[in-house]
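In: Requesting a structural model of the entry that follows:
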Amino acid sequence: MSAVIEIAGLRKTFHTLRQGRRIAVDGFDMLVEAGQVHGFLGPNGSGKTTTLRALLGLVRPDAGRMRVLGAESPEHLPDVAGRVGAIVESPQFFANFTAHRTLRLLALAGGVPTARVDEVLEQVGLRDRGDERVKGYSLGMKQRLAVASALLKSPELLILDEPANGLDPAGIREMRDLTRSLAEAGVTVLLSSHILAEIQLICDHVTIVSRGRRVAYGPVEEVLAGFDQHQWRVRVADPEQAGQLLGRAGLSVTVAPDHLVVTGVQDPETISRTLGEQGMWVRELVPLRPDLESVFLELTGDHEHVAVPRQVDGAPPNDGVIDLDVRESREVDA
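Out: Below is the predicted model:
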């Protein structure tokens, strides 16, 4: 697969009167390949938006190399700008303009056929509200309008920063369906969002950033598998007795009032057989798999010991293999 976005060693420092020197992005790497729906995750202040702004030529980085659709950014970004659609941070529109007029002006300015206006309004569910003034729109409707503006050029690459912001559950589901349909049509999507359950449903690959540095990357399932402790929730008539039996068998067990959790067991038959041999029958045996939210919190919540990707010998940085090494992170000047 060909690379659509390549970032290597990106670094950006800001100087402010209140905070002084602040490193926003610190040697960040990212690779997004054609056809991916790629989730870009990180806490507030982790460098996500700064990275996207640098990639799109909105801020100039201090160091690093970036390519978008094969073109060096920002030097040759104008050569491919017509193939990229993006919304970054909170979009702003003229309050007294209608959505239809707003998109028509953007289409004319970008050399896009105005017939696309009705098409994109239909795509984002605003076709029946296109003649209303933007000042009467809810936050979610404004977000839909922003996505519509990014779709005007029928882009090959779509960059969406918090597209579900302000949407109700039905709107979030519609945005998910839209993202999937675009991916099926061959559009590469880079999606930044705080709704981690949605990222897990939509995205096939993910990059997680903390304090301006990449802390995990790769296919979503492989990232999750790297944090799988092979835990099982077990319900029996007497959890305390079951815990003692399993403990004597050499298993790691945590006993709760109505169940117990067994850790480090690959084959659940080990649990059921150990208890069954002592006449204790299992009522429930359920795997406890990590989700993206738990992995995200583990990677970004403890900044003293952060899981950092380690390169596999002979493999490219983003080859889809997760090899996580726990090492002490260094503090960043703020």
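
In: Show me the beta-bridge partners of Leu191.
Out: In this entry, Leu191 is beta-bridged to Gly39, Leu160, by DSSP bridges.

In: So what's the residue count around it?
Out: Neighbour count of Leu191, defined by other CB atoms under 10 Å: 24. All C-beta atoms are positioned from the backbone trio N, CA, C, and that covers glycine.

In: OK, contacts around it?
Out: The contact partners of Leu191, by CB atoms under 8 Å, 6 or more residues apart in numbering, come to Val37, His38, Gly39, Phe40, Leu160, Pro163, Thr179, Ile199, Ile202, Cys203.

In: per-residue confidence at the third one?
Out: Each residue has a pLDDT score; the one for Gly39 is 96.

In: who's in contact with it?
Out: Gly39 makes contacts with Leu191, Ser192, Ser193, Ile199, Ile202, Cys203, His205, Val206, Thr207, Val220, as judged by CB under 8 Å, 6+ apart.

In: rerun at 6 Å
Out: Leu191, Ile199, Cys203, Val206 (CB atoms under 6 Å, 6 or more residues apart in numbering).

In: In helices only, show me those residues.
Out: Using DSSP state H, Ile199 are the members of the contacts of Gly39 that sit in helices.

In: ok, of the contacts of Gly39, which one's closest to Arg127?
Out: Checking these against Arg127 by CB to CB gives Leu191 as the nearest, at 23.6 Å.

In: so how far is the first residue of stretch 154-174 from its last?
Out: End-to-end distance for stretch 154-174, by CA to CA, to the nearest Å: 19 Å.

In: what's the answer for stretch 80-96, then?
Out: 32 Å.

In: mind showing which ranges of the protein have poor pLDDT?
Out: Within the chain, the stretches with pLDDT under 70 are 1, 302-334.

In: hang on, the earlier thing: of the contacts of Gly39, which is the most crowded?
Out: Val206 (27 neighbours).

In: how far away is the residue nearest to it when sequence neighbours are not counted from Leu196?
Out: Leaving out its chain neighbours, the residue that sits closest to Val206 by CB to CB, 6 or more residues apart in numbering is Gly39, at 4.1 Å. Gly39 is 9 Å from Leu196, where distance means CB to CB, to the nearest Å.

In: Name the residues contacting each of these two.
Out: Common neighbours of Gly39 and Leu196 (CB under 6 Å, 6+ apart) do not exist.

In: how about the helices in the chain?
Out: Secondary structure of the chain (DSSP H): helices at 48-55, 99-109, 115-123, 139-151, 169-184, 196-202, 220-225, 239-248, 269-276, 292-301.

In: any idea how far the nearest residue to Ala95 once chain neighbours are set aside is from Val253?
Out: Counting by CB to CB, 6+ apart, the nearest residue to Ala95 once its immediate chain neighbours are dropped is Lys135, at 3.7 Å. Distance, Lys135 to Val253, by CB to CB: 60 Å.

In: Look at the two and report which has more neighbours.
Out: Applying other CB under 10 Å to Lys135 and Val253 shows that Val253 carries more neighbours, namely 20 against 11.

In: Let me see the contact set for the more buried one.
Out: By CB under 6 Å, 6+ apart, the residues touching Val253 are Gly243, Leu246, Gly247, Leu260, Val262.

In: Quick one: neighbours of the residue nearest to Ser252 when sequence neighbours are not counted, just the number.
Out: With CB to CB, 6+ apart as the criterion, Ser252 has its nearest non-adjacent residue at 4.4 Å, and that residue is Thr263. Using other CB under 10 Å, the number of residues around Thr263 comes to 13.

In: go on, Ala115?
Out: 8.

In: Which residue, neighbours along the chain excluded, lies closest to Ala150?
Out: Gly85 (3.6 Å).

In: Spit out the contact partners of that neighbour.
Out: Taking CB under 6 Å, 6+ apart as the test, what Gly85 contacts is Ala150, Leu151, Lys153, Pro155, Leu158.

In: State the pair within these that is farthest apart.
Out: Lys153 and Leu158 (9.7 Å).

In: Sweet, I'm off.
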